[in-house]
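Asker: Okay, here's the prediction I keep looking at, along with the sequence it came from:
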Amino acid sequence: MTTTEATATEAQTTDAQTAVPPLADKRVLLAAPRGYCAGVDRAVVAVEKALDLYGPPVYVRKQIVHNKHVVETLEARGAVFVDETDQVPEGALVIFSAHGVAPSVHEAAAGRGLRTIDATCPLVTKVHKEAVRFAADDHDILLIGHAGHEEVEGTAGEAPDHIQLVDGPGQADGVVVRDPSKVVWLSQTTLSVDETMETVARLRTRFPLLQNPPSDDICYATQNRQVAVKKIARDAELVVVVGSSNSSNSVRLVEVALEHGADRAHRVDNARELDETWLDGVTTVGVTSGASVPELLVREVLAWLAERGYGDVEEVVTAEEDLLFSLPKELRRDLKAARSARQGGGEPETDDTDDAADDAPDGDED
Ligand code: SF4
């Protein structure tokens, strides 16, 4: 069901549906996994530790993660969010966001003598590396993703002469490639799995030799949250997704909930955006949150629901996650040097982590 259809459904709500369910029947199904993923956690902690270590201001190119609450909280501590590196004073420190940047951004920062910390999620970096490799092999790369999204701009910037964007199944028919036997598709990490497969199927009818990415580009966190919301949407008349409007994976969760059984689904940044009328006739409310959302915001939504009789909360677990990423290596190096200086000076400890460790998960991927 599309958002438009959901609106139509709301307009057709009958008197019977608006009857208030008995208190005892009201419940919440809370999706798990939800909220912070490993890449978001790493990026937010990187800014926090940079503020502690270097002191404010710490410049951050773009929103470090797509969540209003996180950005405002870091701003209050002294982070300064800018659109481009030319807004950062020469020689200052700038952090690149979890969504990744094109090589041209690294070059622009170097040209201004900026110190950089790259908080790109390692799972986005993986897609960048795939793009570089297939471009070096002179493939046409069909990058499935949303036009204008920072992650897509960063990935496309790795090989602009070889990459063309395919923004959904509707664009598959217009794709032109040089050699149909050397075509591969890659994707943004935060897409709807089902819609991406639809786009790939359309592309494959035109290019039967279309190659798949070496491994899933849609990341474990996006996939796990979509599986979890599908499960609760089947039994919920209303699904509330906590997440910001520019959070791709949060917006996808609303779509997935509507497509898998929820009568209504709404995205809210926080509990203050909830609307009592959404509860009319609702017995079961599903709750989840996007990968950039702190759990505090979910707790506030649950408290708001509890005040209205939905205090019975059942967590529906579809996967366990224990993935952790190391902090960016530039930050690890400076943190070690600071620790060493505090412990009495001398040479800083050697950074015993290599580049591979930056890209390698520290735990299992679900
Ligand atoms: S949603 Fe996926 S790709 Fe994006 S930061 Fe989280 S783990 Fe990384």
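Answerer: That came in fine, so what should we check first? Numbers count the residues shown, from 1 in each chain.

Asker: where in the chain is pLDDT low?
Answerer: 1-24, 345-366 (pLDDT under 70).

Asker: Now do the contacts for residue 204.
Answerer: Listed by C-beta atoms under 8 Å, 6 or more residues apart in numbering, the contact partners of residue 204 are residue 210. C-betas here are computed from N, CA, C, even on glycine.

Asker: One more: residue 142?
Answerer: 163, 164, 166, 175, 177, 183, 184, 185, 186, 203, 210.

Asker: where's the fourth one relative to residue 151, distance?
Answerer: Same thing as residue 175. Going from residue 175 to residue 151 by C-beta to C-beta, to the nearest Å gives 20 Å.

Asker: What of the second one?
Answerer: According to C-beta to C-beta, residue 164 stands 16 Å off from residue 151.

Asker: Those two: which has the busier surroundings?
Answerer: More crowded of residue 164 and residue 151, by other C-beta atoms under 10 Å: residue 151, with 26 against 15.

Asker: Just to check, that one is in contact with residue 145?
Answerer: Yes - judged on C-beta atoms under 8 Å, residue 151 makes contact with residue 145 at a distance of 7.0 Å.

Asker: Quickly list what's touching both of the two.
Answerer: Contacts common to residue 151 and residue 145, judged by C-beta under 8 Å, 6+ apart, are residue 188.

Asker: got the residues of the stretch 51-200 of the chain near the ligand?
Answerer: Within the stretch 51-200 of the chain, the positions lying close to the ligand (C-beta under 6 Å from any ligand atom) are 98, 121, 123, 124, 189, 190.

Asker: filter the contacts of residue 142 to the buried ones?
Answerer: Buried by 16 or more other C-beta atoms under 10 Å: 163, 166, 175, 177, 183, 184, 185, 186, 203, 210, out of these.

Asker: Which ones among these lie within helices?
Answerer: Cross-referencing the buried ones among the contacts of residue 142 against helices under DSSP state H gives residue 203.

Asker: from the buried ones among the contacts of residue 142, which is closest to the ligand?
Answerer: residue 186 (13.0 Å; C-beta to the nearest ligand atom).

Asker: what's the distance between that closest one and residue 154?
Answerer: Separation of residue 186 from residue 154 (C-beta to C-beta): 12 Å.

Asker: Same question for residue 278.
Answerer: 36 Å.

Asker: And for residue 255?
Answerer: 24 Å.

Asker: same question, residue 129
Answerer: Per C-beta to C-beta, residue 129 is found 12 Å from residue 154.

Asker: what about these two, which has more around it?
Answerer: Comparing residue 129 with residue 154 by other C-beta under 10 Å, the one with more neighbours is residue 154, at 25 against 13.

Asker: Any idea how many residues pack against the residue in the stretch 51-200 of the chain that the ligand sits nearest to?
Answerer: The ligand sits closest to residue 121 of the stretch 51-200 of the chain, with a gap of 3.2 Å, by C-beta to the nearest ligand atom. Per other C-beta under 10 Å, the neighbour tally for residue 121 reads 26.

Asker: quick one, phi psi at it?
Answerer: Note on residue 121: backbone dihedrals following degrees, to the nearest 10 are phi -60, psi 130.

Asker: Excluding chain neighbours, give the residue nearest to it in space.
Answerer: Among residues not flanking residue 121 along the chain, residue 39 sits closest, at 3.0 Å (C-beta to C-beta, 6 or more residues apart in numbering).

Asker: can you tell me if stretch 288-299 touches the ligand.
Answerer: Yes - shown here: stretch 288-299 in contact with the ligand (C-beta under 6 Å from any ligand atom) through residue 291.
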